[in-house]
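Colleague: Got a sequence here, can you build the structure:
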Amino acid sequence: LRLIRNNNGPNAASAIQHRGTGNLIISTDEAAHITFETDSTQRMTILANGRVGIGTTGPSYPLQVHADAIYAPGILVRGAAIASAWGRIDVQNRNSGNTGWDSGGFIFANGNGLAMRSDVTGGYIALDGGSSTSTIKFQINHADVARVRNGTLNIASVPTSTTGLSTGDIWSDSGTLKIV
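Modeller: Next up is the predicted model:
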């Protein structure tokens with residue numbers, strides 16, 4: 001193991017370099033954390049219990065990421081650089097027979113908006129507010145277009161004719177909702 005410091009001034013790069021085919025192990029022998037800092041600020045922590053925090057020094061989950069601004073993305077998942085590639089987060093659960101893992105894959109963004117998909121046969125997408133009094137809002141440009149609360153769907157406005165609508169759109173025929 002070598003610690004290398006280039007000799008080209010005070011802003012020269014430094015490196016920890018491992019040569020050979022054996023593993024490089026960074027460890028603590030006691031119940032201590034491992035921290036990574038840049039600009040004298042702690043950026044990433046690995047707790048003694050194995051939890052990893054990025055942007056937080058006390059992660060409560062196996063991986064916890066905190067962005068440093070409102071609406072700043074904490075994690076970016078990017079698909080291949082081709083038009084049909086989607087970023088994907090694959091969530092897997094142990095199947096009922098404990099013989100393997102079932103995929104509950106989510107695809108969140110396709111570049112044209114938001115899409116969610118379950119790759120499980122017979123799977124579904126659930127939006128759950130967490131309690132019977134929660135409200136799930138659907139918004140466009142920060143304005144409510146629909147809400148679901150206590151099992152009731154409220155739609156902000158519904159067209160009263162089919163003019164300009166596409167197949168699958170909802171419209172109101174004298175107070176009765178219909179699908180084009």
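Colleague: remind me which residues of the chain are low pLDDT?
Modeller: 1, 69-74, 76-130 (pLDDT under 70).
Colleague: can you tell me which residues contact residue 51?
Modeller: Residues in contact with residue 51 (CB atoms under 8 Å, 6 or more residues apart in numbering) are 59-64. Glycine gets a C-beta too; all of them are placed from N, C-alpha and C.
Colleague: Compute the distance between it and residue 34, please.
Modeller: 11 Å (CB to CB, to the nearest Å).
Colleague: And the buried ones among the contacts of residue 51, selectable in ChimeraX?
Modeller: To isolate in ChimeraX the members of the contacts of residue 51 that are buried, counting by 16 or more other CB atoms under 10 Å, one can use:
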select :59,64
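Colleague: what two of the contacts of residue 51 have the greatest distance between them?
Modeller: Using CB to CB, the pair of the contacts of residue 51 lying farthest apart is 60 and 63, separated by 10.6 Å.
Colleague: beta partners for the closest residue to residue 59 other than its chain neighbours?
Modeller: Once flanking residues are discounted, residue 59 sits nearest to residue 53: 3.3 Å by CB to CB, 6 or more residues apart in numbering. Residue 53 has these beta-bridge partners by DSSP bridges: residue 45, residue 64.
Colleague: Residue 148 too?
Modeller: residue 136, residue 153.
Colleague: burial of it, as a residue count?
Modeller: Other residues lying near residue 148 total 15 when counted by other CB atoms under 10 Å.
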